[in-house]
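Q: give me a 3D structure for the following:
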Amino acid sequence: MKFLTSFFRDARPRQLLLWCAPALLAGALIRLFLELRMPYGYVQFDSGDFLVTPFRLLADHHYIIDAKKAFLTPTFFSIPFFLHIPALLFIPIAQHLMGLLEVLIAGALIRLWLPLWRWIIIPATLLIAVSPWQIWYEHTLMGEANYVFFLFLVGLLGTLWARRPTWLNFTWFALSLFCICGTRAEGKMMLLFGLALIPLVLWPRWKAILLALFCLVLVHEVAGLGGGGSHAFSLLYATLFEFTPNDIRSEPDLAPYLLPLRDETLRAAANTPTDLVALAKKINDRVERYLHEKRGAGKKVKGQISIIERHLCVEILERRPLGVILTPLVKFQMASDGWASGADFGEHALRVKQPAAINRLGGEIDVLSLGMTGRKLDQAGMQQFVLVHYDPARMLWFTDYEKAWNYWTIAPRLPDRPAAQPRWAHDFITVNPGQVEIDPVTRQITPHPEKVIPGVPIYFLLAWAGMLAAMLIRTPLRPLRLVQAAWILAMLFTWYVATMVGVTNARFRFAYDPVCYIYAVAAVVWAISAIRRMITPAHEPTQKTPICTA
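A: Next comes the predicted model:
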């Protein structure tokens, strides 16, 4: 009670709630309508990896994390199973509430970091609150919604620690870094933000700096115990596979096994990243055959394959550095017209993909069904449950909303360019229908989105310009400007690496779209403000909007 009393006596939280109220109201209404139309969460193909943890806890009381996943989301998904609340109801509601809290956190960062924040906070938080991509992930049993939440929370708690460098504030900051490490494998790279902040905040207290660094190393090691990212080098090498040299120095005898596949891939993919998951499996098969035939390896060779692929990645980086550096930019542009969500909630998603995802769980449904739905069901009963409780017709509005959002954000972009061959698109990309081709005989205009490489959307260019300006604009709160710069650089590097390693689709920008909304709005506001100053006569006083204060 004392905390709540002090909270509501403070004018700053009340001010933040007031400025974020339009976004909170709009976001809450959309989420509420979604819950009313489809109260149960969507089970996606990857959801089974997260449900391994509650299954093992219920089946044999062992705490197991799937090797490809980090620990926090599977642990979070296990909670409703032990509270005897249907997980398919609990998880989307909890994630929607996190999404609304994320809006407040984003508003607080705008308030603390950005000049002219009063002009930025309402449109920026509105874009975050009503983004269909964020809402889709919140309603789906996946870890993306948790990652976005902790991405913003890390920025806020790091800022609060920089303003008041107490060990209690550092503990909360370190805990947030631990949590983001537990959401996705790429989250560990946000530790770079903490590493940059420590000397900035604690300089020149060497003992305190060393202690804080030790704490972050401990966070990294403990977070790594939960698994996550076991196939990272496999996907990374698949991304860089086209750069495989004819003379492989790290494994000379491996060349005959890989070069024919490389040439075949180049012919099929026209020098652009291809279906990386399928390609990675083919590469692994070739390397495994090499290990058996040339090294006489036993059955368990996953570790050896990973080491070989890591050495190949390092060799390619040394020999083709420019090609490696530009690869994520090519992958980003190829998928820039795609949906940042995995899909919609339409007929195919609910009637084909979701039953297939549940079928993938197999016999685990016998253990999980009671905790998921509140009823004891077998596989057939669970499929019937899906048919009854997931109605695509009730979700047509959300699909239309996703289409409209994608079109109006992606359509303003740089010119498209022809693709050398039809562009490969992952199965959960829905491309922008605005790209067309004119038939030379009938002169009929038909959509052929796979035959162009889309131009970069304008809002990304605005966002990157806004980020650069935010790091350079002088403000009275210089330490917070440096904190913001550290967070932006760590975030951009994490985005870059995730794009490098991940498959070629728009899902790998899901967490960074809301950040781009903030800085795109900021760039427009700052540009208008600069133009006003330029055209306002010098003798006329201008009323300046005050910069945020502590």
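
Q: who's in contact with Phe150?
A: 176, 179-180, 183, 187 (C-beta atoms under 8 Å, 6 or more residues apart in numbering). For glycine as for every other residue, the C-beta is placed from the backbone atoms N, C-alpha and C.

Q: now the strands for this structure?
A: For the chain, the strands defined by DSSP state E cover 417-418, 436-438, 445-447, 452-453.

Q: what's the least confident stretch among those strands?
A: For those, the bottom mean pLDDT is recorded on strand 445-447, which sits at a mean of 44.

Q: pLDDT below threshold where in the stretch 201-350 of the chain?
A: Counting by pLDDT under 70, the stretch 201-350 of the chain contains low-confidence ranges at 226-232, 269-275, 342.

Q: try it again with 90
A: The stretch 201-350 of the chain contains residues with pLDDT under 90 at 203, 221-242, 250-253, 255, 261-282, 287-307, 323, 327, 329-344.

Q: then the stretch 351-500 of the chain?
A: In the stretch 351-500 of the chain, residues with pLDDT under 90: 362-363, 406-407, 410-411, 415-455, 472-481, 499-500.

Q: all helices of it, in order?
A: Ranges of helices in the stretch 351-500 of the chain, per DSSP state H, counting those that start in this stretch, are 354-361, 365-373, 379-389, 396-410, 458-472, 478-501.

Q: so for Ala335, which of those helices sits nearest?
A: Using C-beta to C-beta as the measure, helix 478-501 is the one of the helices of the stretch 351-500 of the chain that comes nearest Ala335, at 8.7 Å.

Q: next, the angle from the closest one to helix 458-472.
A: With axes from the mean of the first three to the mean of the last three C-alpha atoms, to 10 degrees defining the directions, helix 478-501 sits at 140 degrees from helix 458-472.

Q: and helix 478-501, which residues are buried?
A: By 16 or more other C-beta atoms under 10 Å, the buried positions in helix 478-501 come out as 480-488, 490-491, 494-495, 497-501.

Q: that one packs against which elements?
A: Judged by 3 or more C-beta pairs under 8 Å, 6 or more residues apart in numbering; DSSP states H and E, the packing partners of helix 478-501 are helix 87-113, helix 144-163, helix 191-202, helix 232-239, helix 321-334, helix 458-472.

Q: for those helices, give me a markdown table that also has distance to Lys294.
A: A markdown table is the format used below for those (distance: least, C-beta to C-beta, whole Å):
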| stretch | distance to Lys294 |
| --- | --- |
| helix 87-113 | 48 |
| helix 144-163 | 41 |
| helix 191-202 | 39 |
| helix 232-239 | 18 |
| helix 321-334 | 27 |
| helix 458-472 | 46 |
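
Q: so which of the contacts of Phe150 belong to helices?
A: Among the contacts of Phe150, the members found in helices (DSSP state H) are 176, 179-180.

Q: so which of the residues you listed wins on neighbours?
A: In terms of neighbours by other C-beta atoms under 10 Å, these top out with Ile180 at 29 neighbours.

Q: quick one: contacts for it?
A: Neighbours of Ile180 in contact, by C-beta under 8 Å, 6+ apart: 147, 150-151, 153-154, 187, 190.

Q: ok, now how distant is it from Gly194?
A: Ile180 is 10 Å from Gly194, where distance means C-beta to C-beta, to the nearest Å.

Q: got it, and Lys353?
A: Using C-beta to C-beta, Lys353 is found at 38 Å from Gly194.

Q: the more surrounded of these two?
A: In this view Lys353 and Gly194 are compared by other C-beta under 10 Å, and Gly194 has more residues nearby, 24 against 19.

Q: I figured that one hits Phe170, correct?
A: No - Gly194 sits out of contact with Phe170 when judged by C-beta atoms under 8 Å, with a separation of 9.3 Å.

Q: measure Ala26 to Ile518 for me?
A: Ala26 sits 16 Å away from Ile518, going by C-beta to C-beta.

Q: what does Ile283 give?
A: Separation of Ile283 from Ile518 (C-beta to C-beta) stands at 39 Å.

Q: just to revisit the earlier point, closest to Glu35 among the ones in helices among the contacts of Phe150?
A: Cys179 (25.2 Å).

Q: need the contact list for that closest one.
A: Taking C-beta under 8 Å, 6+ apart as the criterion, Cys179 is in contact with 72, 150, 153.

Q: for the second one, give me the pLDDT.
A: Confidence at Phe150, expressed as pLDDT, is 97.

Q: for Gly187, see how far away it is.
A: Here the criterion is C-beta to C-beta. By it, Phe150 lies 7 Å from Gly187.

Q: do the same with Gly303
A: Counting by C-beta to C-beta, the gap from Gly303 to Gly187 is 24 Å.

Q: out of those two, which sits in the more crowded spot?
A: Neighbours were counted for Gly303 and for Gly187 using other C-beta under 10 Å; Gly187 has more, 28 against 8.

Q: ok, the more buried one touching Ala70?
A: Yes - between Gly187 and Ala70 there is a contact at 6.8 Å, judged by C-beta under 8 Å.

Q: overlap in contacts of the two?
A: Between them, Gly187 and Ala70 share the contacting residues Cys181, judged by C-beta under 8 Å, 6+ apart.

Q: next, the contact list for Ile461, please.
A: Wrong residue type there; residue 461 is Leu, not Ile. By C-beta under 8 Å, 6+ apart, Leu461 lies in contact with Leu414.

Q: give me that answer again for 6 Å
A: For Leu461, no contacting residues are found, by C-beta atoms under 6 Å, 6 or more residues apart in numbering.

Q: my read: Ile110 touches Trp119, true?
A: No - using C-beta atoms under 6 Å, Ile110 is not in contact with Trp119, being 10.2 Å away.

Q: will you turn the helices of the stretch 351-500 of the chain into CSV that also has distance to Met534?
A: Formatted as CSV, the helices of the stretch 351-500 of the chain follow (distance: least, C-beta to C-beta, whole Å):
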stretch, distance to Met534
helix 354-361, 55
helix 365-373, 60
helix 379-389, 59
helix 396-410, 29
helix 458-472, 16
helix 478-501, 24
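
Q: nearest to Pro204, out of those helices?
A: helix 478-501 (14.9 Å).

Q: output that closest one as CSV - backbone C-alpha positions only.
A: Extracted in CSV, the C-alpha atoms of helix 478-501 (Å, rounded to 0.1, in the frame of the first residue of the first chain):
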residue,chain,number,x,y,z
ARG,A,478,23.9,13.8,-21.7
PRO,A,479,24.3,10.6,-19.7
LEU,A,480,20.8,9.5,-20.9
ARG,A,481,21.8,10.3,-24.5
LEU,A,482,24.8,7.9,-24.1
VAL,A,483,22.5,5.3,-22.5
GLN,A,484,20.2,5.6,-25.4
ALA,A,485,23.0,5.3,-27.9
ALA,A,486,24.3,2.1,-26.2
TRP,A,487,20.8,0.6,-26.3
ILE,A,488,20.3,1.5,-30.0
LEU,A,489,23.7,0.1,-31.0
ALA,A,490,23.2,-3.1,-29.1
MET,A,491,19.6,-3.5,-30.5
LEU,A,492,20.8,-2.9,-34.1
PHE,A,493,23.6,-5.4,-33.7
THR,A,494,21.2,-8.0,-32.3
TRP,A,495,18.8,-7.4,-35.2
TYR,A,496,21.7,-7.7,-37.7
VAL,A,497,23.0,-11.0,-36.3
ALA,A,498,19.4,-12.4,-36.0
THR,A,499,18.9,-11.6,-39.7
MET,A,500,22.3,-13.1,-40.6
VAL,A,501,21.5,-16.4,-38.8
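
Q: give me the angle between that helix and helix 87-113.
A: Helix 478-501 and helix 87-113 are oriented at 140 degrees to each other (the same axes, to 10 degrees).

Q: now do the contacts for the spatially closest residue to Glu402 that is not a sequence neighbour.
A: Once flanking residues are discounted, Glu402 sits nearest to Pro132: 4.6 Å by C-beta to C-beta, 6 or more residues apart in numbering. Shown in contact with Pro132 (C-beta under 6 Å, 6+ apart): 401-402, 405.
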